[in-house]
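Novice: quick check, what structure comes out for this input:
(chains A and B)
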Amino acid sequence: MKKLTLSRKVFSYPYILFMLLFVVTPLVLILVNAFIVDGKIDFSNFVDYFGNPANMNVLTLSIEVGVITTLLCLLIGYPTAYLLSKMNAGKLLVLIFIMPMWVNFLLRTLATKTIFEALGVQLGIGTVIAGMVYNYLPMMILPLHTTISGIDKSYIEAAGDLGASPLRVFTRVVVPMSMTGIISGITMVFIPTISTFAISQLLSNSSIYLFGDSIQLKFDQGMYGVGSVMSIVMLVLVLLSNFIINKVSGRDNQNRSTLL
Amino acid sequence: MKKAFSSIFLFVVAAFLYAPIVLVIVYSFSGNSNFTFTDGINFDAYLSIFTSDKTPKLLEALRNTMLIAVISSVISTILGTVSAIGIYYLNKRSRRVVESINQLPMINSEMVMAVSLMIFFVTFTFPEGYLRLIIAHVSFCTPYVVLSVMPKLEQMDPNIYEAALDLGAGPVRAMTTVVVPILTPGIISGFVMAFTISMDDFIITEINKGATTGIETLSTYIYHDARVQGLEPFWFAVFSIIFVVVLAILLFVNLHKVRKEQEEVKV
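Specialist: Model (predicted):
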């Protein structure tokens, strides 16, 4: 019997080896490239990156664009998910809002760009944000819809029966109970927005480069050290947001978003 | 009144999401790319698919996309299914570690994954081309297979496997004729997910395809062609065809799924 369980465990070894080789080692190489210069531990890449005001401008601009995009997605996405969850056909209707996600994002971005140009809209920061919202809105709606439609209706009814006004029911019951969805929606919009490639270039006629584009640019120019430092910054953001998600969804472990 | 307001809100949001898609489809019949019908309704854009010198390159890109998607999703499905079974029987602590690493490609920013793989391939001088791309695609597709097979394993009655052994099946036979059929729905949805993610990928492919190989997938070819010249009527027609095909498949699959679920609820 013992031998048997041992033999089934073995099935996971090829994949563990694969992940160590092609997922973990590449990330370790990023660390190596960032910290080691000419065979010695050295922080010059960090100094190079953080000491350059142009780099800092890209980082702050990316975070600004990320925050604005995320807020707009939340502002549009939350009411959408909420209204859909109240409808009988909501489960079917939510598909309408998520389907564009499966059409290649480049096709959609180029389509938006062409329309902006035809309308005579000046390409710039405004069009970049509009394009980002357009691209990532479904990523906000999906986790929100999953959590909101999972809320037990009797809580909402009970709050109403106990005399809470509809607004109070919404702010004190619905919003706190959908926190998991809100946080996972925020991460699923914010992280790709600041680290994506091509969208900001295309929608600003290459006048605006966000964080993802400039990581690519650094590697393209052979500046592996600085590029690795930027990847570490991104990685820290990713792990931090994942940590927050786990914290929140661990607290109310009712329904984790099906996407994560 | 309130109901009307919420319908209007939902309609406006949907309109925002579909406007670019619909407009491109409508103006694909105008034969030009400035969103006017000065030449009336015509099929010039569609006819240009047969004559344009872009068409052979587009077909080549389509072939590459499919080739990479099929190979990597098949490898991912086999690797993911087998390893899900293995991970399920790991002890609690190692299982948690392995599952966290498995999550990494899913939560990580695509750009970081792309450049980390590029550094890796350059450092260990992997040959440029399909090998790099397939390794990269397998590494970001397999986690989704593992994740869709795992719930089926958890639902499975663990005694079934033991029963098969007691009834005289060898471990391999018990696995292939008893366990795998139970996991099939999870395996299929994992495969479909792996295939779509691989087909849709842009960032990781763009950064790892290598400058000298000339390999283009659909995404990278669109990027390189339309970035410089903007959208020509040719692309309007190609986009429309792709949009309609993708949406039709999705609508068909999802309606089928919802209908099946409703039937199950009734039963």
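Novice: now stretch B:235-246: buried residues?
Specialist: B:W235, B:F236, B:A237, B:V238, B:F239, B:S240, B:I242, B:F243, B:V246 (16 or more other C-beta atoms under 10 Å in any protein chain shown). Where you see a C-beta, it was placed from the backbone N, CA and C, and this is true even at glycine.
Novice: out of those, name the ones that lie in helices.
Specialist: Among the buried residues of stretch B:235-246, the members found in helices (DSSP state H) are B:W235, B:F236, B:A237, B:V238, B:F239, B:S240, B:I242, B:F243, B:V246.
Novice: which of those residues come close to chain A?
Specialist: B:W235, B:F239, B:I242, B:F243, B:V246 (C-beta under 8 Å from any C-beta of the partner chain).
Novice: pLDDT below threshold where in chain B?
Specialist: B:1, B:265-267 (pLDDT under 70).
Novice: show me which residues of the stretch 151-267 of chain B sit near chain A.
Specialist: Going by C-beta under 8 Å from any C-beta, the residues of the stretch 151-267 of chain B near chain A are B:165, B:171, B:196, B:200, B:202-203, B:206-207, B:218-219, B:222-223, B:226-227, B:230-231, B:235, B:239, B:242-243, B:246-247, B:250-251, B:254, B:258.
Novice: mind checking which of these are buried?
Specialist: Using 16+ other C-beta under 10 Å, the buried members of those are B:165, B:196, B:200, B:202-203, B:206-207, B:218-219, B:222-223, B:226, B:231, B:235, B:239, B:242-243, B:246-247, B:250.
Novice: quick revisit: tell me which two of the ones next to chain A among the ones in helices among the buried residues of stretch B:235-246 sit farthest apart.
Specialist: The most widely separated members of those, counting by C-beta to C-beta, are B:W235 and B:V246 (15.6 Å).
Novice: give me the residues contacting stretch B:212-221.
Specialist: With C-beta atoms under 8 Å, 6 or more residues apart in numbering or on different chains as the test, stretch B:212-221 has contacts from A:104, A:106, B:57-58, B:60-62, B:64-65, B:68, B:128-130, B:133, B:199-202, B:205-206, B:209, B:224.
Novice: now the buried residues of stretch B:235-246 as JSON lines including distance to A:G181?
Specialist: Output for the buried residues of stretch B:235-246, formatted as JSON lines (distance: C-beta to C-beta, whole Å):
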{"residue": "B:W235", "distance to A:G181": "37"}
{"residue": "B:F236", "distance to A:G181": "37"}
{"residue": "B:A237", "distance to A:G181": "39"}
{"residue": "B:V238", "distance to A:G181": "36"}
{"residue": "B:F239", "distance to A:G181": "32"}
{"residue": "B:S240", "distance to A:G181": "34"}
{"residue": "B:I242", "distance to A:G181": "31"}
{"residue": "B:F243", "distance to A:G181": "29"}
{"residue": "B:V246", "distance to A:G181": "26"}
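Novice: return the member of these nearest to B:I49.
Specialist: So of the buried residues of stretch B:235-246, ranked by how close each gets to B:I49 (C-beta to C-beta), first place is B:A237, at 5.8 Å.
Novice: can you report how many residues neighbour A:L21?
Specialist: 14 (other C-beta atoms under 10 Å in any protein chain shown).
Novice: wait, doesn't A:F18 sit right on B:S139?
Specialist: Yes: A:F18 is in contact with B:S139 according to C-beta atoms under 8 Å; the separation is 7.3 Å.
Novice: neighbour-wise, which of those two wins?
Specialist: Regarding A:F18 and B:S139, a neighbour count based on other C-beta under 10 Å identifies B:S139 as having more, with 23 against 17.
Novice: excluding chain neighbours, what is closest to that one?
Specialist: A:F22 (4.5 Å; C-beta to C-beta, 6 or more residues apart in numbering or on different chains).
Novice: interface residues of the stretch 101-250 of chain A facing chain B?
Specialist: Going by C-beta under 8 Å from any C-beta, the residues of the stretch 101-250 of chain A near chain B are A:102-108, A:110-115, A:117-118, A:134, A:137-138, A:191-192, A:195-198, A:201-202, A:212, A:215-216, A:219, A:224, A:227-228, A:231, A:234-235, A:237-238, A:242.
Novice: what subset of these is buried?
Specialist: In these, the ones that pass as buried (16+ other C-beta under 10 Å) are A:103-108, A:110-115, A:117, A:134, A:137-138, A:191-192, A:195-198, A:201-202, A:212, A:215-216, A:219, A:224, A:227-228, A:231, A:234-235, A:237-238, A:242.
Novice: of the residues of the stretch 151-267 of chain B next to chain A, which belong to helices?
Specialist: Short answer: these in helices (DSSP H) are B:165, B:171, B:196, B:200, B:203, B:206-207, B:218-219, B:222-223, B:226-227, B:235, B:239, B:242-243, B:246-247, B:250-251, B:254, B:258.
Novice: could you measure from the spatially closest residue to A:L74 that is not a sequence neighbour over to chain B?
Specialist: Spatially, and ignoring its direct neighbours in sequence, A:L74 is nearest to A:M140 (6.3 Å; C-beta to C-beta, 6+ apart). Counting by C-beta to the nearest C-beta, to the nearest Å, the gap from A:M140 to chain B is 11 Å.
Novice: pLDDT value on A:M140, please?
Specialist: pLDDT, A:M140: 94.
Novice: what's it sitting at in phi/psi?
Specialist: phi -80, psi -40 (degrees, to the nearest 10).
Novice: quick check: it touching A:I183?
Specialist: No: judged on C-beta under 8 Å, A:M140 makes no contact with A:I183 at a distance of 11.2 Å.
Novice: higher neighbour count, those two?
Specialist: Neighbour count, other C-beta under 10 Å: between A:M140 and A:I183, A:M140 has more, with 30 against 20.
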